[in-house]
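**Q** My questions concern the predicted model and sequence given below.
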Amino acid sequence: MSIIDKPDPCFLRFWGVRGSYASPFESHLGVGGNTSCVELRAGNSLLVCDAGTGIIPLGEHIISNDGPRELLVLMTHYHWDHICGLPFFVPAFRRDWRVRFFGPGRDAQEIERSIAAQMRAPYFPVETENWQADIGYVEPQCEGLRHGPFLIRHGSVHHPGVTYGYRITIAGRTVVYVSDNEFRFLDRSLANAGDLSDEDHAIFRSVISEERMAELALIRDADILIHDAQYTEEAYITKRGWGHSCYLDTVDAAIDAGVRLLYLFHHDPGNDDRIVEEMLVRARALIAERGSSLQCEIAREGLVVTL
Ligand SMILES: [Zn+2]
Ligand SMILES: [Zn+2]
């Protein structure tokens, strides 16, 4: 699709930007307290990335206007912070809605099992069998998915369990959504590995460079990258290997991959507004230091970005 064919309206909206758990504290509300959920809209086509608590207000919003009555939800993985809004997602309980899900899984049944598991006794009183909408689970397709004008590809990222990042093309622009990912995990491990033989060192270095190429390939030349930037440098020292990035590694990778606009995402609930704003200042200083034209912003709940 060319820019000329761009559907109207065409935008993305952040409904949940927090990682790990919802944090509706006064000190956090400038950035936002809901967990991961991003809406992408192109005309009447609606795509949703992740189903954290942010999908609850999204659901309320979309049933109360004359927009589309169908959507596709892309799950990066099934950790609690990414699925916990689903039991309260109103469109799933409406007969006039059509809801499709895609995420990690060998087939549609495995995707369904992963989504349904949290809505079972003793964890929740209402099961997915009680959903009233036309619900479906999309079979994995190696050539990528289409949803209206959206073309969607996925790639695996570094996070415990199988976790996807999504590369979404719309109206000639590329939006990459990677909510949970630890950049440079092996690289950091080598730095902490102590004495290695020259041979082991060489093997390690070659694996690291392969992994670096793979992680940059998923985000390469993105117009917009929404990426895990959970930890400050100080926090990362004790949390290496937990599957989240130090925000400066995220900025570095975005520069190396030729990204145009980066949104720091999946904010740590331990970081209040002041800390996240300081991270942005330091991120921009790093970009200036590296002489890059990368633009960097904070993903804030409620922010709408025109595509
Ligand atoms: Zn997460
Ligand atoms: Zn996770």
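**A** Perfect, thanks for sending it. Ligands and ions are numbered 1, 2, ... in the order given.

**Q** can you tell me how far residue 268 sits from ligand 1?
**A** Counting by CB to the ion, to the nearest Å, the separation of residue 268 from ligand 1 is 10 Å. C-beta here means a position set from N, CA and C on the backbone, and glycine is covered the same way.

**Q** now residue 137
**A** Taking CB to the ion as the measure, residue 137 and ligand 1 are separated by 21 Å.

**Q** Residue 100 is in contact with that residue, correct?
**A** Yes: with contact defined as CB atoms under 8 Å, residue 137 reaches residue 100; the gap is 7.3 Å.

**Q** what sits against the residue in the stretch 201-307 of the chain that ligand 1 sits nearest to?
**A** Minimum separation of the stretch 201-307 of the chain from ligand 1 (CB to the ion) falls at residue 266, amounting to 5.7 Å. Counting by CB atoms under 8 Å, 6 or more residues apart in numbering, residue 266 touches 17-19, 36, 179-180, 227-230, 244.

**Q** What values do phi and psi take at it?
**A** Backbone torsions for residue 266, taken as degrees, to the nearest 10, come to phi 60, psi 60.

**Q** go on, residue 153?
**A** Main-chain dihedrals, residue 153, degrees, to the nearest 10: phi -120, psi 150.

**Q** Could you report the neighbour count for residue 77?
**A** 21 (other CB atoms under 10 Å).

**Q** List the residues that contact the spatially closest residue to it that is not a sequence neighbour.
**A** Closest residue to residue 77 in three dimensions, ignoring its sequence neighbours and counting by CB to CB, 6 or more residues apart in numbering: residue 163, at 4.1 Å. By CB under 8 Å, 6+ apart, residue 163 lies in contact with 76-77, 104, 156-157, 180-181, 243.

**Q** Flag the shaky bits of the protein, pLDDT-wise.
**A** Within the chain, the stretches with pLDDT under 70 are 1-7, 188, 190-193.

**Q** At the geometric centre of it, which residue sits there?
**A** residue 179 (2.8 Å; CA atoms, centre = their mean).

**Q** give the contact list for residue 166.
**A** Each residue near residue 166 by CB under 8 Å, 6+ apart is listed here: 49, 74, 76, 152-154, 176-178.

**Q** ok, what's across the strand from it?
**A** Note on residue 166: beta-bridge partners by DSSP bridges are residue 154, residue 177.

**Q** Please determine how far it is located from residue 38.
**A** Per CB to CB, to the nearest Å, residue 166 is found 10 Å from residue 38.

**Q** Give the intersection of the neighbour lists for those two.
**A** Here residue 166 and residue 38 have 49, 177 as joint contacts, going by CB under 8 Å, 6+ apart.

**Q** State which one residue of this structure is found closest to ligand 2.
**A** Going by CB to the ion, ligand 2 is nearest to residue 79 of the chain, at 3.4 Å.

**Q** mind listing what that residue touches?
**A** Neighbour list for residue 79: 161, 180 [criterion: CB under 8 Å, 6+ apart].

**Q** can you rerun that using 10 Å?
**A** Going by CB atoms under 10 Å, 6 or more residues apart in numbering, residue 79 touches 19-20, 35-36, 50, 52, 159-161, 163, 179-180, 243.
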